[in-house]
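>>> Below is the sequence, then the predicted model.
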Amino acid sequence: MLSVLCPMHIVFNRNGEITSCGPTAQKIFPQGLIGRRFLDVFSIKRPRKISTLVALTANTGVRLKLQFQDMPDSQLQGVVMPGPDAGQMVVNLSLGISIIDAVSDHNLTAADFAATDLTVEMLYLVEAKSAAMEASRRLNERLQVARVEAEELALTDTLTGLKNRRAVDQELSTVLNLGTPFALMHIDLDFFKAVNDTLGHAAGDYVLQRVAGIMNNETRKVDVVARVGGDEFVILIKGTEEHAHIERIADRIITKLQSPIFFENEVCQISGSIGTVVAGDYSEPTADVLLGDADAALYAAKHSGRGCHLFFSPMMRDMPQTA
């Protein structure tokens, strides 16, 4: 009866020797309990440290907190009551808050608990909650990745993989707020319309992709390269306002753009005109002013014969912006 109703029970005699125990107790304490003295096997921590049988039997019906001496980290609860035979005492044990670890450590199943014990239902609930929390965590991770990808896509030109106008606006706002040095290049491809008109849009798309590769190769990862129109590009060069350094970058880009691009055995010949503004040349630079002046410098470069680079000067604002 005790083995069914209390599978973790332990019976000891008047000498404190364990005479029998339930099947779950045998499973949890495989070192063997029969014949050992109860107080040699278990330490009783509460309600007070008990080290004698007299003290133990004086606490019948009281909830005890115990520790299995061969398992120092064990946390057990129990209650001691007189057994059915004279001189017998029965201790019914439970695993208390260590139940989850014990189930895993000792491979316990529903059959190891009394039929009326709600422990199994509790474990199912804990497992279900853990599974739900893990599923929720994974879903949140996927949503976070999707959000980042969506934000990145919203800032990317799908044809070239460069940043787009929206990204330029955000980056400009950031560097202006930080007050860090930077330069802004506005680049327009010369003779690109002729490529589209003579060889078709597939050739034009291929040329734009090659141009994107050239601009990426001639700038650093910290810089921002963006396509802001059909054949218009912007490069935000961070951390420098040195004209000579910026001039070298522009010259390299112009030289590379003048190299023939081959598409299906046809030659696509373009060049690039570049206008640049330097943030340090302004007492209070704003994004609109910088973009407008870079545009003015670009068209001044086109009027100068195309395939060249010019820094902005105020007189350029009065020049016609057509070429």
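Here it is on my side, so go on. The model shown is predicted, which means the values in this text are computed figures rather than measured ones.
>>> what residue lies at the spatial centre of the protein?
Geometric centre of the chain, nearest residue: residue 141, 6.8 Å, by Cα atoms, centre = their mean.
>>> which stretch of helix or strand covers that one?
helix 119-154 (DSSP states H and E).
>>> Next SSE downstream of that helix?
Following helix 119-154 toward the C-terminus (DSSP H and E): helix 165-178.
>>> Quick check: mean pLDDT of that following helix?
Mean per-residue pLDDT for helix 165-178: 94.
>>> who does the following helix or strand past it touch, helix- and strand-wise?
Downstream of helix 165-178, the first helix or strand assigned by DSSP H and E is strand 182-190. For strand 182-190, the elements it packs on are helix 201-217, strand 232-238, helix 243-257, strand 271-278, helix 287-303, judged by 3 or more Cβ pairs under 8 Å, 6 or more residues apart in numbering; DSSP states H and E. For the C-beta atoms, the positions are set from N, CA and C on the backbone; glycine is no exception.
>>> now strand 182-190 against helix 243-257, angle please.
20 degrees (axes from the mean of the first three to the mean of the last three Cα atoms, to 10 degrees).
>>> and for the very next helix or strand once past strand 182-190, what are the contacting residues?
Once the chain leaves strand 182-190, the next helix or strand it forms, by DSSP H and E, is helix 192-199. Taking contacts as Cβ atoms under 8 Å, 6 or more residues apart in numbering, the residues outside helix 192-199 that touch it are 203-204, 207, 230-231, 263, 266, 268-270.
>>> chain center to helix 192-199, what's the gap?
Here the centre of helix 192-199 is set off from its chain's centre by 45 Å, with Cα atoms, centre = their mean, to the nearest Å.
>>> For it, buried residues please.
192, 195-196, 199 (16 or more other Cβ atoms under 10 Å).
>>> now stretch 271-285
271-279, 281, 285.
>>> now do stretch 306-321
306-312, 316.
>>> what's the answer for stretch 252-271, then?
For stretch 252-271, by 16+ other Cβ under 10 Å, it's 253-254, 256-257, 261, 263, 268, 270-271.
>>> What's opposite the nearest residue to residue 250 once chain neighbours are set aside in the beta bridge?
The shortest distance from residue 250 to any non-neighbouring residue, by Cβ to Cβ, 6 or more residues apart in numbering, is to residue 309 (3.8 Å). Applying DSSP bridges to residue 309 yields these beta-bridge partners: residue 274.
>>> wait, doesn't residue 309 sit right on residue 255?
No - taking Cβ atoms under 8 Å as the definition, residue 309 is not a contact partner of residue 255, at 10.8 Å.
>>> shaky segments in the stretch 201-323 of the chain?
In the predicted model of the stretch 201-323 of the chain, residues 320-323 satisfy pLDDT under 70.
>>> just to revisit the earlier point, check the buried residues of stretch 252-271 against residue 58 and report the nearest one.
Ranked by distance to residue 58 (Cβ to Cβ), the buried residues of stretch 252-271 are led by residue 253 at 93.5 Å.
>>> Hmm, residue 274 and the closest one touching each other?
Yes - here residue 253 reaches residue 274: they are 6.9 Å apart, a contact under Cβ under 8 Å.
>>> any shared contact partners between those two?
With Cβ under 8 Å, 6+ apart as the test, residue 253 and residue 274 both reach residue 187.
>>> returning to that earlier point: show me what the helix holding residue 141 is packed against.
helix 99-105.
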